[in-house]
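Trainee: My questions concern the predicted model and sequence given below.
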Amino acid sequence: MKFKTLSVHAGQRLDPQTGALTTPLYQSSTFSYFTAEEGKARFSGQNPGFIYSRFANPTTAELELKLAAMEGADEALVVASGMAAVSAIMYALADSGDEVAFVDPLYGGTDAFLKQTLVRAGITISRYGSDQELLDNISPATRVVLFETVTNPNLKVIDPRKVVAAAKKVGAVTVCDNTFLTPYLLRPLELGVDLVMHSGTKYLGGHGDIIAGVVAGRSELMAKVRTVALKHIGSPIGPQEAYLLQRGVKTLPLRMDAHLHNAGKVAEFLDAHPGVKKVIYPGLASHPGHQVLGEVSRGFGGMVSIELEGGFEACARFLDKLELFTQAVSLGDLESLACHPASTTHAAMSGEARAAAGVSDDLVRLSIGVEDADDLIADLKQALQD
């Protein structure tokens with residue numbers, strides 16, 4: 001099936017009791033197993049029935065089948081947040097004495113987790129400034145490589161093919177955070193990436209009403225991640241959130257087409273505006289990653305970043321004048337959002353680390369929503385007026 005069909009039909013089965021078309025919300029923490037013998041079989045793994053919603057829930061299970069099909073993966077796992085996904089992956093795949101590499105920049109929360117929390121487990125963290133640097137210099141001790149296809153928030157493009165080639169040199173597992181592009185635009189597993197993850201809060205959910213994380217990949221790796229996430233860390237998604245996320249992914253292709261259209265229009269307007277120092281959008285031919293992303297992805301995403309002369313003060317004046325854009329640190333919602341990453345999403349990083357990652361005080365991140373592009377442009381135009 002094509003992607004739009006998968007997003008609607010994959011993993012969805014008519015409810016056997018009622019024939020309900022929409023997957024029911026199973027708001028139950030525990031499930032009976034009727035006989036002691038059946039309970040023994042379920043806990044031993046001989047019978048895959050449901051036991052306890054921390055381990056599995058019928059609403060969640062159907063969502064995971066849908067997401068696996070959309071990613072082209074053996075299995076998918078949904079957890080409580082994007083950070084829960086990152087944590088489970090790292091604790092499942094890296095041991096004390098191992099090395100975890102990442103290509104800069106990462107989302108600020110992920111960066112802080114690696115450098116401030118994962119290191120406490122005796123794991124070495126190595127930073128690489130580009131995919132080429134990783135390919136040329138990857139350490140033989142590396143066991144896991146983490147990267148974002150389009151980085152947050154400066155929209156640098158990381159070539160998944162180079163990351164995969166680098167990891168193969170040393171036998172490392174590759175983990176791609178594909179939140180900004182979604183499987184509708186890019187399926188990293190098809191390029192040889194081992195695991196793909198998302199903050200499901202963003203484009204997959206799409207409505208700004210849930211917190212969720214997603215991991216997908218090969219069964220042997222997913223078994224490790226699932227055990228750590230659900231049994232050891234205990235970070236399952238709730239059935240209500242799973243129900244809403246399943247609703248959201250059904251319209252993902254429709255929403256992403258609207259995001260892409262609007263982001264292209266907004267980027268072109270901003271690129272021609274004299275009050276904008278720099279426009280960063282992979283869809284512009286001037287973007288250094290334009291060709292690479294065009295080769296591996298069917299679109300350039302719905303995020304646009306700009307730089308304004310004058311640091312935080314100039315950015316604050318611009319942000320405070322916006323009317324349609326809401327100041328908020330999330331992204332991927334139907335509504336257009338705007339933020340100043342250096343003082344919000346990446347504030348936990350040191351000034352030196354922000355500078356190395358290209359997160360300057362001049363940078364504003366725009367999440368372009370599905371409103372009419374002309375209205376968004378008019379709002380940006382008035383906010384840029386002195």
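Mentor: That came in fine, so what should we check first? Residues are numbered from 1 along each chain as shown.
Trainee: max-length strand in the chain?
Mentor: Counting by DSSP state E, the longest strand found in the chain is strand 142-148.
Trainee: Relative to that one, what are the paired strands and their orientations?
Mentor: When sheet partners are counted by DSSP bridges, strand 142-148 sits next to strand 99-103 (parallel), strand 173-177 (parallel).
Trainee: Specify the stretch among those that is closest to residue 280.
Mentor: Each of the strands paired with strand 142-148 has some distance to residue 280 by Cβ to Cβ; the shortest is strand 99-103, at 17.0 Å. (Each C-beta comes from the backbone N, C-alpha and C, glycine too.)
Trainee: Not counting the closest one itself, show me its contacts.
Mentor: Strand 99-103 has contacts (Cβ atoms under 8 Å, 6 or more residues apart in numbering) with 90, 94, 111, 114, 118, 123-131, 134, 138-139, 141-148, 151, 158, 163, 172.
Trainee: Which ones among those residues lie within strands?
Mentor: 124-128, 142-148.
Trainee: Switch the residues you listed over to a markdown table, and while doing so, append neighbour count and pLDDT to every line.
Mentor: Formatted as a markdown table, the ones in strands among the contacts of strand 99-103 follow (neighbours: other Cβ atoms under 10 Å; pLDDT from 0 to 100):
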| residue | neighbour count | pLDDT |
| --- | --- | --- |
| 124 | 17 | 98 |
| 125 | 18 | 98 |
| 126 | 16 | 98 |
| 127 | 18 | 96 |
| 128 | 23 | 97 |
| 142 | 23 | 98 |
| 143 | 20 | 98 |
| 144 | 22 | 98 |
| 145 | 26 | 98 |
| 146 | 23 | 98 |
| 147 | 27 | 98 |
| 148 | 24 | 98 |
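Trainee: circling back to that earlier point, deepest-packed of the strands paired with strand 142-148, please.
Mentor: strand 173-177 (a mean of 26; mean count of other Cβ atoms under 10 Å).
Trainee: Can you identify the element that follows that one toward the C-terminus?
Mentor: helix 182-185 (DSSP states H and E).
Trainee: could you measure residue 203 against residue 272, distance?
Mentor: Distance of residue 203 to residue 272, computed by Cβ to Cβ, to the nearest Å: 27 Å.
Trainee: quick one: which of those two has more around it?
Mentor: A direct count of neighbours by other Cβ atoms under 10 Å for residue 203 and residue 272 places residue 203 higher, at 29 against 9.
Trainee: pretty sure the more buried one contacts residue 302?
Mentor: Yes: contact criterion Cβ atoms under 8 Å: residue 203 and residue 302 qualify, at 7.4 Å.
Trainee: Overlap of the contact sets of the two?
Mentor: 256, 259, 332.
Trainee: how about JSON lines for the strands paired with strand 142-148, with distance to residue 310 and mean pLDDT added?
Mentor: Converted to JSON lines, those look like this (distance: least, Cβ to Cβ, whole Å; pLDDT from 0 to 100):
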{"stretch": "strand 99-103", "distance to residue 310": "30", "mean pLDDT": "98"}
{"stretch": "strand 173-177", "distance to residue 310": "31", "mean pLDDT": "98"}
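Trainee: Specify the stretch among those strands that is closest to residue 17.
Mentor: Of the strands paired with strand 142-148, nearest to residue 17 by Cβ to Cβ is strand 173-177, at 38.5 Å.
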